[in-house]
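> Pasting a predicted model and its sequence here:
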Amino acid sequence: MPTKEEVFQKVQNALVEALGVDEEEVTPEATLVGDLGAESIDFLDIVFRLEKAFDIKIPRGELFPEDVLTNSTYVEDGRVTEAGLAELRKRMPFANLDEFAKNPNVQDFANLLTVADMCRFVESKVNVTA
């Protein structure tokens, strides 16, 4: 069972390798897209590296539920609806959606996920010790 620190270190390594950024840039508060420059193609690499680092399986769409953001049930005029926000909260309990909910533009969603969110996601998949 990894500790929270070990989870962070492995997530940090995965992001350094996948995104070609410096270790110092990968802080808990750093956003994957805005701060670390991740693009949609990078998310597949990130998922692969996390699966390998932690020996876990991450089903498509579990970490990055892009299908919600392209579904007309959940998006209206480029904005995530209340139903969409509820679905995102259900599927992404590891992410803090409060700021996004204030102005839920689909195009801004990519700037939401932080390194800390990634760590919380992994912690939910593995048994973490204090």
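Noted; the coordinates are in hand.

> Tell me which residue lies farthest from the centre of the chain.
Asp77 (24.0 Å; C-alpha atoms, centre = their mean).

> For that one, give me its contacts.
Residues counted as contacts of Asp77 (C-beta atoms under 8 Å, 6 or more residues apart in numbering): none. Every residue, glycine included, has its C-beta placed from N, CA and C.

> Low-confidence stretches in the chain?
In the predicted model, the chain carries pLDDT under 70 at residues 130.

> show me where it has strands.
75-76, 79-80 (DSSP state E).

> So which of the ones you listed is nearest Gly37?
strand 79-80 (23.5 Å; C-beta to C-beta).

> centre of the chain versus stretch 122-130, how much separation?
Between the centre of stretch 122-130 and the centre of its chain there are 16 Å (C-alpha atoms, centre = their mean, to the nearest Å).

> CA atoms only for it, dumped as PDB, please.
What follows is stretch 122-130, C-alpha atoms only, in PDB (Å, rounded to 0.1, in the frame of the first residue of the first chain):
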ATOM      1  CA  VAL A 122      -5.200   7.200  -7.900                       C
ATOM      2  CA  GLU A 123      -5.700   7.100  -4.100                       C
ATOM      3  CA  SER A 124      -9.300   6.100  -4.700                       C
ATOM      4  CA  LYS A 125      -8.000   3.200  -6.900                       C
ATOM      5  CA  VAL A 126      -5.300   1.900  -4.500                       C
ATOM      6  CA  ASN A 127      -5.300   1.400  -0.800                       C
ATOM      7  CA  VAL A 128      -3.300   4.400   0.600                       C
ATOM      8  CA  THR A 129      -1.700   4.500   4.000                       C
ATOM      9  CA  ALA A 130      -1.500   7.800   5.900                       C
END
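
> And this protein, what are its domain boundaries?
Taking automatic domain parsing as the reference, the chain has its domains at 1-58+113-130, 65-112.

> sorry, back to before: ranking the strands of the chain by burial, who's on top?
Ranked by mean neighbour count, the strands of the chain are led by strand 79-80 with a mean of 20 (mean count of other C-beta atoms under 10 Å).
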